[in-house]
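In: could you work out the structure for the sequence below:
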Amino acid sequence: MTTLPQPGRTLVMGILNVTPDSFSDGGEFLAVEAAVAHGLALHAEGADIVDVGGESTRPGAQRADVETELARVVPVVERLSAAGVPVSVDTMRAAVAAAAVHAGAVLVNDVSGGLADPAMLPTVADLGASYVAMHWRGHSETMSDLAVYDDVVIDVCAELSERLAAALAAGIRRDRVVLDPGLGFAKTAAHNWALLGRLDALAALGQPLLVGASRKRFLGALLAEGDDPRPVREREDAGVAITALVAAAGAWGVRTHTARPHRDAIAVAGRLAAEPQREGRAGR
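Out: Numbering: from 1, shown residues only. Got it, this is the predicted structure:
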């Protein structure tokens, strides 16, 4: 793949966590057969890309070693790719990115934006893969302490601009780079909402945007009953609402745990965007 997929609407990137400890579905798809079956199901339900990750990045998670991550990811990427499913790899390690691309992945989704592994950006450039650079300030065990900004929108835009410049300097083509504001990564709920409300500022960086809000903690807080956050699996409807809103705002893609409801939300946003705008109100 020489350029990013551009189907004329917001893409759905289906999440496939091949981990024992991810916040939403840890352990469910750790076995290769279960992971492949779920990836095929996501694709059948409308996921344009299936994002395979072998290391949890939830707050407080401990890192898997590289051998473990490779063993979790590569067989799944290989089998899904062989079945005709477009696959991305969710990794911060250049070695895992390289192995996954050789196994068939077309996109590297790096939550660290190249900061966790100095070999990542030149490796992706050599591979010729597309690349998602997310806004990131530190690993899971420390990122909550790093959620300090003068102005979260201005600061995230500035830091993402630096990651874009680093990716281009490493030789990654501009038409292969997507930016992600990193909702929930070194950010409070208020920071997440501020970023969602200013996607225009992020879009002004000139690159496609990926938004990952699915089932995250800030949605649980929004929907809390008293002091009890909404359980993880009961946040899906709120995530679908966000998908409709960011699709209407022109996001390149959304990263989600399910596919069909989000494809439906994108279809609604697209249909409304195509409707001619008329002055006044009906019935006047």
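
In: ok, A190 - how many residues close by?
Out: Using other Cβ atoms under 10 Å, A190 has 11 other residues around it. All C-beta atoms are positioned from the backbone trio N, CA, C, and that covers glycine.

In: mind listing the helices for the protein?
Out: Secondary structure of the chain by DSSP state H: the helices cover 32-44, 66-82, 94-102, 120-127, 152-170, 189-196, 199-203, 217-222, 236-248, 260-274.

In: low-confidence stretches in the chain?
Out: 1-3, 21-27, 58-61, 279-284 (pLDDT under 70).

In: one step back: as CSV, the helices of the chain with distance to P229 would be great.
Out: Output for those, formatted as CSV (distance: least, Cβ to Cβ, whole Å):
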stretch, distance to P229
helix 32-44, 25
helix 66-82, 29
helix 94-102, 32
helix 120-127, 34
helix 152-170, 22
helix 189-196, 10
helix 199-203, 25
helix 217-222, 3
helix 236-248, 12
helix 260-274, 21
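
In: highest mean neighbour count out of those helices?
Out: Greatest average neighbour count among the helices of the chain goes to helix 94-102 (a mean of 23), per mean count of other Cβ atoms under 10 Å.

In: which other residues reach that one?
Out: Under the criterion Cβ atoms under 8 Å, 6 or more residues apart in numbering, residues 52, 54, 66, 69-70, 73-74, 77, 87, 89, 91, 105, 108, 110, 117, 119-120, 123-124, 127, 129 lie in contact with helix 94-102.

In: of all the helices of the chain, which lies closest to G8?
Out: Nearest to G8, of all these, is helix 260-274, at 8.4 Å by Cβ to Cβ.

In: chain center to that closest one: distance?
Out: Put simply, helix 260-274 sits 19 Å off its chain's centre (Cα atoms, centre = their mean, to the nearest Å).

In: cool, thanks, talk later.
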